[in-house]
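Engineer: My questions are about this predicted structure, shown below with the sequence.
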Amino acid sequence: NAGVTQTPKFQVLKTGQSMTLQCAQDMNHNSMYWYRQDPGMGLRLIYYSASEGTTDKGEVPNGYNVSRLNKREFSLRLESAAPSQTSVYFCASSELGEGRYEQYFGPGTRLTVT
Amino acid sequence: KQEVTQIPAALSVPEGENLVLNCSFTDSAIYNLQWFRQDPGKGLTSLLLIQSSQREQTSGRLNASLDKSSGRSTLYIAASQPGDSATYLCAVKNYGQNFVFGPGTRLSVLP
């Protein structure tokens, strides 16, 4: 049982390049999330998917797009990377089980945009 | 809009001390509250989850309490060890809303 996995672990991009961050979970959760974590800013929600086939904007969606490919996979795309997108990106999943939502996180992707 | 704060921002204690980390939230109509641990360069690991109907949860040397009326949760760590050194974050979920995270408390336990 791998939980939540993310690829790649590290990435360096030049300004204007594009890339897709991949996330997969094997817990059969309905909800999946993308966060970014920056020093002094804490974790901020970029996009989320409450269930397969739906996606919604979070707190900081500008410059990003997402795809909920199926129940397991949720990808985050940067179409034209900017230095302000240098951050650590975390994917998470959760499920309403036994009356409780509990989040599980992946190991993160460290992205540097030069 | 829910806002979550954590005090102190950083804490350094000698090994063996009992300590308390605080999490405060502005909207008391929460669904649940979750405490996480984050080691440097790593992801978040769930420690404890308290549902709105509960007052506390325990796991080993950790005890988390919840007082919705005052908008506070505390994480109590007994007999701290150097291996407890990490950043501790709390996250609050309100009904129909997404999780909101606090900024974290960075804990150092000195041998």
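Structural biologist: Received the coordinates, thanks. Since the model is a prediction, treat every value here as computed from it, not as a measurement. Numbers count the residues shown, from 1 in each chain, chains lettered A, B, ... in the order given.

Engineer: Return the distance of residue A:62 relative to residue A:110.
Structural biologist: Distance, residue A:62 to residue A:110, using CB to CB, to the nearest Å: 21 Å. Where you see a C-beta, it was placed from the backbone N, CA and C, and this is true even at glycine.

Engineer: Same question for residue B:94.
Structural biologist: 30 Å.

Engineer: And for residue B:52?
Structural biologist: 35 Å.

Engineer: of residue A:62 and residue A:110, who's got more company?
Structural biologist: Taking other CB atoms under 10 Å in any protein chain shown, residue A:62 and residue A:110 do not tie; residue A:110 has more neighbours (16 against 9).

Engineer: Just the pLDDT for that one.
Structural biologist: Per-residue pLDDT puts residue A:110 at 96.

Engineer: got a list of what it touches?
Structural biologist: By CB atoms under 8 Å, 6 or more residues apart in numbering or on different chains, the contact list for residue A:110 reads A:9, A:10, A:11, A:88, B:41.

Engineer: Report the two of those separated the most.
Structural biologist: A:11 and B:41 (14.9 Å; CB to CB).

Engineer: So which of the two has more stuff around it?
Structural biologist: Taking other CB under 10 Å, residue A:11 and residue B:41 do not tie; residue A:11 has more neighbours (17 against 9).

Engineer: For my notes, confirm the more buried one occurs in a helix.
Structural biologist: No. The assignment for residue A:11, made by DSSP: H, G, I helix; E, B strand; the rest coil, is strand rather than a helix.

Engineer: measure it to chain B for me?
Structural biologist: 15 Å (CB to the nearest CB, to the nearest Å).
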